[in-house]
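Participant: Turn this into a structure:
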Amino acid sequence: MRSYDIITVGGGLGGSALAKVMAERGARVLVVEREAHFKDRVRGEALAPWGVENLKQLGLYDTLSRSCGNILRWWSLCVGGVEVLRRDLPATTPQSNGFLTFYHPRMQELALEAAVSAGAEVRRGAHVRHVEPGRPPRVTIVQAGKEEEASARLVVAADGRGSTVRRWAGFALRQDPLRLLFCGVLFDDLAVASDTFHHFAAPPLGLVGYFFPQGNGRVRAYYGFHKDRRIERLQGASAIPRFRESLVVTGAPAEMLAQAKPAGPLATFDGADSWVDHPYRDGVALIGDAAATSDPTWGQGMSLTTRDVRVLRDCLLAESDWDAAGHAYAAEHDRYYGICHRVDGWFAELFMELGPEADARRARALPLIAQDPLRVADCPMSGPEAPSDDAVRARFFGEV
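Facilitator: As a prediction, this is how the structure comes out:
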């Protein structure tokens, strides 16, 4: 049986980044990645300013920004078709960063290459058949029809929202009730400013639209809606005309989309958060969506993943007892994820809820936000260190 310090199950951003930073410190790391070639799927392709800071601390920012990234300096928020906020993100966030956008499959390849360059062993086209928690935990790996076992000081589940490692390790999954749905598609030749995150909201209708330019006319567009609108889920190429029409209803100018050509699949996802309390036990740690799947409507998922990697790395390097390090990571994860979860709920309540009470709440809050944008709770841009107490909520909702 081969032995490693760390085995990561999954070679996406989380698994590859952890493999890179730990291999650089001399750890023996194995990455098991099911996909031989990464394919385009509808998923997050924008790191918020606080996520960009995590990426810098992991030593991946220069590689990604130079090879596949596009920096968005501005956040333009239009409500009812009228721009109410235009924010210079590098000038107004504690990290002095804008958004970083990229084509997800290219980002994954670069992150995995960085792990290999750092000395990690990577197996592509392999899958994990089982994980047995313990001291040490054991992993059963299948590749090219052959099965083998390996052990590690730590197994890290980076296998996404449907994590099988999470189930094998006995973690209990919690989930919010469904409130929002979210869909997206990649476009070429979409006419938007390439340095701006374009955010369109139609709060009385419970709708939101996003445009995240990746450069050279390529844009990932998203559309979110409240479940009580009873809008049909948009799936597949035949639904793209309705996707365009839906974005226009959010306030996006029709001429933006007039010449746009779809360059990827269209799919709709449930927006409810799901998470594990204390994502470490018996030699198995969960990171990224395996630990907590954040409602994609608010764009915190990849930033949370990069924070998970950074915090887990720091705990492992600070503590020779990796069981204690795993528990320290899990406790810190619960803290910052809890803040993001709570503040995302505020945004859903203010911008997406339907009905007379929600309309009255917006009638009170939105004019005040237009006069003073600092009323907006800043966790989605500046991260969980941004103030998020009851006083922040009261200002956000126009109660004071």
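Participant: what helices or strands is the helix ranked longest in the chain leaning on?
Facilitator: In the chain, assigned by DSSP state H, the helix with the most residues is helix 322-351. Applying 3 or more C-beta pairs under 8 Å, 6 or more residues apart in numbering; DSSP states H and E, we find helix 322-351 packed against strand 146-157, strand 280-281, strand 284-286, strand 292-293, helix 301-318, helix 356-371, helix 379-382, helix 390-396. For every residue, glycine as well, the C-beta is placed using N, CA and C.
Participant: Now do the residue nearest in space to the middle of the chain against A370, distance only.
Facilitator: The chain has G301 as the residue nearest its centroid, 1.9 Å off, counting by C-alpha atoms, centre = their mean. Applying C-beta to C-beta, to the nearest Å, the value for G301 to A370 is 29 Å.
Participant: on that earlier part again, and the residue nearest to the centre of the chain, what's its pLDDT?
Facilitator: G301 is assigned a pLDDT of 95 by the prediction.
Participant: Help me confirm that it comes into contact with A290.
Facilitator: No - in this structure G301 lies outside contact range of A290 using C-beta atoms under 8 Å: 11.6 Å.
Participant: Only C-alpha atoms, please: export stretch 112-120 in PDB.
Facilitator: As requested, the backbone C-alpha atoms of stretch 112-120 are provided in PDB (Å, rounded to 0.1, in the frame of the first residue of the first chain):
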ATOM      1  CA  LEU A 112      -3.400  21.200 -12.000                       C
ATOM      2  CA  GLU A 113      -0.300  22.000 -13.900                       C
ATOM      3  CA  ALA A 114       0.900  24.200 -11.000                       C
ATOM      4  CA  ALA A 115       0.300  21.200  -8.600                       C
ATOM      5  CA  VAL A 116       2.500  19.000 -10.800                       C
ATOM      6  CA  SER A 117       5.200  21.600 -11.100                       C
ATOM      7  CA  ALA A 118       5.200  21.900  -7.300                       C
ATOM      8  CA  GLY A 119       5.900  18.100  -7.000                       C
ATOM      9  CA  ALA A 120       2.400  16.600  -6.500                       C
END
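Participant: For R135, which non-adjacent residue is closest in space?
Facilitator: G283 (5.8 Å; C-beta to C-beta, 6 or more residues apart in numbering).
Participant: can you count the residues close to the one you found?
Facilitator: 22 (other C-beta atoms under 10 Å).
Participant: Please verify my assumption that C340 contacts P384.
Facilitator: Yes - the pair C340 and P384 qualifies as a contact (C-beta under 8 Å) at a distance of 5.7 Å.
Participant: neighbour-wise, which of the two wins?
Facilitator: A direct count of neighbours by other C-beta under 10 Å for C340 and P384 places C340 higher, at 25 against 20.
Participant: For R73, see how far away the residue nearest to the more buried one when sequence neighbours are not counted is.
Facilitator: Leaving aside its sequence neighbours, C340 sits nearest to Q300 (C-beta to C-beta, 6+ apart; 5.1 Å). Distance, Q300 to R73, using C-beta to C-beta: 20 Å.
Participant: Would you double-check that S65 falls in a strand?
Facilitator: No - S65 sits outside any strand when classified using DSSP: H, G, I helix; E, B strand; the rest coil, being helix.
Participant: please begin residue numbering at 392 from this point
Facilitator: Happy to do that; since the first residue is 392 now, the last one works out to S456.
Participant: Surely it touches K447?
Facilitator: No - with contact defined as C-beta under 8 Å, S456 does not reach K447; the gap is 9.5 Å.
Participant: what residues go with each domain of the chain?
Facilitator: According to automatic domain parsing, the chain comprises the domains 393-430+494-567+665-733, 744-787.
Participant: Neighbouring strands - and their directions - for the helix or strand where L491 lies?
Facilitator: If you go by DSSP states H and E, L491 is part of strand 490-493. Paired neighbours of strand 490-493 in the sheet (DSSP bridges): strand 437-438 (antiparallel), strand 460-463 (antiparallel).
Participant: Next secondary structure element downstream of it?
Facilitator: helix 495-509.
Participant: what residues does that next one touch?
Facilitator: 402-404, 407-408, 410-412, 414-415, 420, 422, 424, 429-432, 434-436, 450-451, 454-455, 458-459, 513 (C-beta atoms under 8 Å, 6 or more residues apart in numbering).
Participant: distance of the residue nearest to the centre of the chain from L569?
Facilitator: Distance from G692 to L569, by C-beta to C-beta: 17 Å.
Participant: Name the nearest residue to G717, ignoring sequence neighbours.
Facilitator: That would be Y671: by C-beta to C-beta, 6+ apart, it lies 3.8 Å from G717.
Participant: and what of T587?
Facilitator: Per C-beta to C-beta, 6+ apart, closest to T587 is W465, 4.2 Å.
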